[in-house]
Every structure is written in structure tokens, then in C-alpha cells.
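1. Show me how the following folds:
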Amino acid sequence: MKKLLYSISLFTVALTVLSCEKNEIRNSEYIDAGGQAQLKVMFYSVYRNNPLNQISINGARVSNTLGGATNPTPFPGGGLNTGGASTADYLGVTPGSNKVDIIIPKRGTNVDSVSLATFTGNMDANKKYSLFYTDTAANTTAILVQDTLAQPDSGFSKYIFMNLTPDLPSADLYIGTVKVASAVPYKGISAPFTLPISTATTSTTWAVRAAGGTANLFTYANASTFANRRTFTIASRGYNSVTATTDYRNRKISFIFTR
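-> Here you go, the predicted structure:
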């Protein structure tokens with residue numbers, strides 16, 4: 001546990017330094033991977049009231065208070081259309097079995113009040129993982145993904161697509177009118193794919209469709225989704241049936257910085 005707290009301290013220092021560096025890909029270099037596993041957490045099990053929550057690993061709180069309108073996950077790190085930070089950071093955790101809890105804490109204490117979700121799984125030294133929670137409290141599912149960090153060639157970005165939309169059984173992902181991932185089931189992950197960053201001059205609009213469908217269900221447009229040698233995890237999240245932007249459960253496409 002001392003190693004974990006030490007990693008968090010270094011994380012704070014690294015964010016301060018990196019905030020002064022612009023137009024660079026930001027990686028989690030603040031952790032010496034030797035002997036540690038690395039983890040980031042995405043809590044996409046959405047609720048109407050979007051409660052504030054914290055992340056606990058092996059019984060120790062490791063995050064600040066998350067959730068609400070301005071500070072959801074990923075933690076640590078972030079991405080585009082995530083509400084997170086602008087880095088690709090990870091936490092250091094002890095290799096082996098780790099228990100990760102999402103909790104609503106008692107005010108002014110570290111004592112758990114309500115457990116929203118929990119996960120226990122093995123993580124290997126010198127590997128990086130992303131942990132995704134999806135669905136509502138009654139059916140919360142946790143998915144642990146080992147991140148592949150091999151960078152694409154210069155002039156390209158690299159992606160995987162995850163369908164985390166509970167009421168969308170199978171999804172296609174498009175950039176403009178070009179399909180880049182096909183029939184990805186709920187809780188499924190596409191094969192990795194790369195795109196030339198010059199694609200951004202043709203279209204910056206990503207769209208999720210029902211598998212085999214012709215209509216865009218929801219979209220996201222941002223030229224920053226194309227960055228030289230950047231690696232993203234694209235996640236559809238929220239509920240396809242919820243379209244009101246004032247409802248925290250509404251459908252979204254998020255781009256998580258992996259590298």
C-alpha cells in the first residue's frame with residue numbers, strides 16, 4: 001500500500017509539470033513500471049442523479065471525489081468527451097489480486113456508506129489495465145482490459161472500440177461514412193484499427209449505429225480525436241434510449257487516452 005500512496009504523490013507532481021507542456025502526447029511516465037501493475041478506472045454505470053463517488057483499492061481510498069457535472073472518470077488520466085483530465089495516466093498497484101470498489105463515502109470520513117460497484121481481478125507486473133464499469137446498480141458489470149500500448153507509425157492514430165451501451169445489443173462505429181468497427185456486442189471490444197491523421201481533413205464526426213443500420217444513433221465530432229501516434233480507447237456509453245442532454249444517462253461517445 002505504501003507503493004500505491006507513493007505513486008499517487010508522484011502523480012500529483014507529474015500533473016503540475018505536464019500542465020506547462022503543450023501540444024505533446026502525455027504519458028504516465030511518473031510511475032516506474034518495474035514491479036508494479038498500472039490501472040485506470042472508468043465508472044460508466046450511469047445513474048439519473050449522477051452521485052458523487054470515490055475509488056477504493058484493497059480498502060484504501062485512492063481518488064478524490066468523482067462524479068457530478070464536472071468531474072467524472074477516467075481516474076487518473078482522461079480523454080475527450082470524458083470529463084476527465086488531459087493526460088494518459090495510470091495508478092500503480094501491487095501485482096496480483098486487487099479489489100476495486102466504487103463507493104459513496106460518509107461525509108467527512110473515509111468510511112464507506114454505499115458500495116455502488118466492486119471488482120476483484122488479477123493484474124500482472126509491468127502491464128497496464130483499464131477497468132470499465134457499465135450498466136446500473138442492479139446489473140453493474142466490470143470489464144478489465146489489458147491495454148496494448150504499441151504505437152502506430154507516424155502519421156497515424158490507433159483505436160479500439162468498446163460498446164458499453166446497455167440497450168444497444170450490437171454496434172457499428174463510423175468515421176464520416178466509413179465503417180471502422182462492425183457488430184461489436186454490448187460489453188464487447190473491437191479489433192485494434194489505425195487511421196491516418198489526414199482523415200481529419202475529410203471528417204471529424206464519429207457515429208454509432210445499430211449493427212447493420214444506416215442511421216446515426218449518436219455522434220461526436222472533434223479534430224483532436226486524430227493525433228500523431230496517439231492511442232485511444234473509444235467507448236459508447238450511457239443509454240441509447242436517453243437523448244436529453246440534461247440527463248446524465250444520455251448516450252455519448254468518449255475517447256480515453258491510452259497513450
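
2. For residue 247, give me its contacts.
-> Residues near residue 247 by Cβ atoms under 8 Å, 6 or more residues apart in numbering: residue 48. The C-beta positions use only the backbone N, C-alpha and C, and glycine is treated the same way.

3. ok, now the one 3 residues further on?
-> Listed by Cβ under 8 Å, 6+ apart, the contact set of residue 250 reads 238, 239, 242, 243, 244.

4. got it, and residue 252?
-> 81, 218, 220, 236, 237, 238.

5. so which helix or strand takes in residue 126?
-> Applying DSSP states H and E as the criterion places residue 126 outside every helix and strand.

6. With residue 55 instead?
-> According to DSSP H and E, residue 55 maps onto strand 54-57.

7. Partner strands of that strand, with direction?
-> Paired neighbours of strand 54-57 in the sheet (DSSP bridges): strand 60-61 (antiparallel), strand 96-105 (antiparallel).

8. Ok, which of those comes nearest residue 214?
-> strand 96-105 (37.2 Å; Cβ to Cβ).

9. from the chain's centre, how far out does the closest one sit?
-> Between the centre of strand 96-105 and the centre of its chain there are 17 Å (Cα atoms, centre = their mean, to the nearest Å).

10. What's the first helix or strand after it?
-> Moving toward the C-terminus from strand 96-105, the next helix or strand (DSSP H and E) is strand 112-123.

11. Moving C-terminal from that next one, which element do we reach first?
-> strand 128-134.

12. So which bits of that next one are buried?
-> Within strand 128-134, the residues scored as buried using 16 or more other Cβ atoms under 10 Å are 128, 129, 130, 131, 132, 133, 134.

13. Name the surrounding residues that touch that strand.
-> Contacts of strand 128-134 (Cβ under 8 Å, 6+ apart): 28, 37-45, 74, 90, 100, 102, 117, 119, 121, 123, 140-147, 149, 162, 164, 166, 187, 233, 235, 237, 256, 258.
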